[in-house]
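# Generate a structure from the sequence data that follows.
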Amino acid sequence: MAAEKKQVLTVKNIRNVNTENILQSIIRNNNTTRSILAKENNISLMTVKHVVDDLIAAGFLVEKNSSNADVGRNPKVLEMTEEYGNIVCVNLTSEDEISFLIYDIYQNLLTERCLAFSGQDYKAELLAVIKKIKEELAGIAARTVGIAVFVPGAYDSEADQVNYDLIPAFKQLHIRELFENEFAIKNIQILHDVFAAARSEYDSLNPEMESQFYFYCGYGVGGFFIHKNEAVEGAGNMAGEVGKMLVSMDGYGDNYVTLEEIVSISAVKKRMKEYGLDISFTELLVLHQEQDALAVEIMTPVLKTISKVLYNLLWVYNPTRIVVDSSRDGYSKLITEHFQTFLEDMKNDAIPIHAEIRAAKYDEYHMMRGCFYMTRNAWIEETADSIQ
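The predicted structure follows:
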């Protein structure tokens, strides 16, 4: 394995780091002083002066007299200028709706909208949503500093294309180009939904010394591995795409199919039709919990297949924790319980393997906030780099 190349520190990138840290501090506490910035970031007042003066000159910060009414001299406080900014988070992971949220730079939610598809082709639906976003932004004084686009598959930045297995219309779309042209900004972050969700879960518990495999089983099936705070993406950004694994399952004979084709919600619903069961997926889960014979017959081979795959992944990745998630809470809990029982049955193996197994804790809002943070951080880095 080639040795990892170490970053060579230069005056410019040290200055960039200081600028980024100072901006992060001011955003966390939009009423801070130069001396507090020096103490928080373990740098000299002179370094703070150089960075802050340049940020003020560039129009990113303002310095005001403190409104503190205490007796004595009140130091001046630093704030972001009102011009900066807002961040738009667009969710393109559904087959029948597009939602978006607009936050200010401090993560206060300004607007939330969800638009159901009206029967047009996908690009026309997306352009209609973009028009709505622009209408909302027109009523907000601050400028847009970044857009996070939440997509349901791996994103190839060189081809500017999203994996189109779940939504075939993505094959014809260049997402970054479209959003850059429509909004005239460069800070467009195209983020795989599985990565954003995995990141939210990983950050919830002492991440520094842990590794986590995040398994998602909804209308699509995927996964993501994070090791010691580093996302493992692979050569083609496909690492963790377990839905594409070839597996066999009881009832499918000797044929091999992808995991997604037999354990996704869509696949289970297809199986329900084959059994003549005309109810919703959620109702099926309730019947399974009540030990209904037909529901158990439908779900047992599905759950066994998932447990075998997760068990094999334990040996491949050896993570500290496996997190199971789904667009249906009942499904993720059922998978988690089945896999925990499966592991208990395997504990007498010659070489047992251990990991924490739990259902996901966070919902779509947490995932979207994860996208917000990544986009805001990208803007902060861009801003620091622009200050000479």
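# from here on, contacts and neighbour counts on C-alpha atoms
Noted.
# So for the helix or strand hosting residue 113, mean pLDDT?
Per DSSP states H and E, residue 113 falls inside strand 109-116. Regarding strand 109-116, the rounded mean pLDDT is 93.
# Likewise for stretch 300-311?
The model assigns stretch 300-311 a mean pLDDT of 95.
# quick revisit: what's the angle between the helix or strand following the strand holding residue 113 and strand 109-116?
Sequence-wise, the next helix or strand downstream of strand 109-116 (DSSP H and E) is helix 122-138. On the basis of axes from the mean of the first three to the mean of the last three C-alpha atoms, to 10 degrees, helix 122-138 is oriented at 150 degrees to strand 109-116.
# Which other helices and strands does the longest helix along the chain contact?
In the chain, ranked by residue count with DSSP state H as the criterion, the top helix is helix 293-317. Under the contact criterion of 3 or more C-alpha pairs under 8 Å, 6 or more residues apart in numbering; DSSP states H and E, helix 293-317 touches helix 260-263, helix 265-274, helix 281-289, helix 329-345.
# do that again at 10 Å, thanks
If you count contacts as 3 or more C-alpha pairs under 10 Å, 6 or more residues apart in numbering; DSSP states H and E, helix 293-317 packs onto strand 211-217, strand 221-227, strand 246-247, helix 260-263, helix 265-274, helix 281-289, strand 321-325, helix 329-345.
# For these, give me a markdown table that also has mean neighbour count, mean pLDDT and distance to residue 173.
Compiled in a markdown table, the helices and strands packed on helix 293-317 are given as follows (neighbours: other C-alpha atoms under 10 Å; pLDDT from 0 to 100; distance: least, C-alpha to C-alpha, whole Å):
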| stretch | mean neighbour count | mean pLDDT | distance to residue 173 |
| --- | --- | --- | --- |
| strand 211-217 | 25 | 92 | 25 |
| strand 221-227 | 23 | 88 | 22 |
| strand 246-247 | 16 | 86 | 28 |
| helix 260-263 | 23 | 91 | 24 |
| helix 265-274 | 17 | 93 | 24 |
| helix 281-289 | 16 | 95 | 31 |
| strand 321-325 | 24 | 93 | 28 |
| helix 329-345 | 18 | 93 | 31 |
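# looking at these, which is closest to residue 48?
Across the helices and strands packed on helix 293-317, residue 48 has its closest neighbour in strand 221-227 (34.1 Å, C-alpha to C-alpha).
# show me what contacts the residue nearest to residue 310 when sequence neighbours are not counted?
Leaving aside its chain neighbours, residue 310 sits nearest to residue 339 (7.7 Å; criterion: C-alpha to C-alpha, 6 or more residues apart in numbering). By C-alpha atoms under 10 Å, 6 or more residues apart in numbering, the contact list for residue 339 reads 303-304, 306-311, 324, 333, 345, 357-358.
# Neighbour-wise, which one of these leads?
The most crowded member of the contacts of residue 339, judged by other C-alpha atoms under 10 Å, is residue 324 (26 neighbours).
# So what sits opposite it in the bridge?
Beta-bridge pairing of residue 324 under DSSP bridges involves residue 215, residue 359.
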